[in-house]
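Visitor: here is a sequence together with a model predicted from it:
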Amino acid sequence: MPAAECRALFSPEIAPEVLGATAAAIAHGATAEHVPWCAQWLAGLAQVGRLAMTVMMLDRATLGQLRAMFDALEGLAGWKDEGSPSLRATFGVA
């Protein structure tokens, strides 16, 4: 799914279960060549309505999945210096 379609697909908001499952899938399946696509897709997902409210209500397990996803992506390609800090903040795991 193209990043530009995230907002429309997950409107009006993304379910926490979907967010957690997506984070787990990316953390376990991404390779270094996937990092640019993941970064772009996560930026698209950050545009989903009510994301900030959803993130504020996430349980520890889901936040752990998001943290693990960012850790995995950063470990693959040194992404931490490029776009990761702002996306980490958007997803509540800065």
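Guide: It's in.

Visitor: CA atoms for contacts and neighbours, from now on please.
Guide: OK.

Visitor: so which residue is smack in the middle of this protein?
Guide: Against the mean C-alpha coordinate of the chain, by CA atoms, centre = their mean, the closest residue is Leu42 at 4.6 Å.

Visitor: quick one: contacts for it?
Guide: Ala3, Leu87 (CA atoms under 8 Å, 6 or more residues apart in numbering).

Visitor: now the helix or strand containing it, how far from the centre of its chain.
Guide: Using DSSP states H and E, Leu42 falls within helix 35-45. How far helix 35-45 lies from its chain's middle: 8 Å, per CA atoms, centre = their mean, to the nearest Å.

Visitor: just checking, which helix or strand of the chain averages the lowest pLDDT?
Guide: One helix or strand of the chain scores below all others by mean pLDDT, DSSP states H and E: helix 6-9, with a mean of 72.

Visitor: buried ones in that one?
Guide: Cys6, Arg7 (16 or more other CA atoms under 10 Å).

Visitor: next structured bit after that helix?
Guide: Taking DSSP H and E, what comes next after helix 6-9 is helix 16-29.

Visitor: buried residues, that next one. List them.
Guide: Across helix 16-29, burial judged by 16+ other CA under 10 Å covers Pro16, Leu19, Gly20, Ala23, Ala24, Ile26, Ala27.

Visitor: any idea how far Glu33 is from the third one?
Guide: Right, the one you point to is Gly20. 22 Å (CA to CA, to the nearest Å).

Visitor: where does this structure have low pLDDT?
Guide: The chain contains residues with pLDDT under 70 at 1, 78, 80-83.

Visitor: let's see that with 80 instead.
Guide: Across the chain, residues meeting the criterion (pLDDT under 80) sit at 1-13, 77-84.

Visitor: count the neighbours of Ala68 for me.
Guide: Other residues near Ala68 come to 18 when the count uses other CA atoms under 10 Å.
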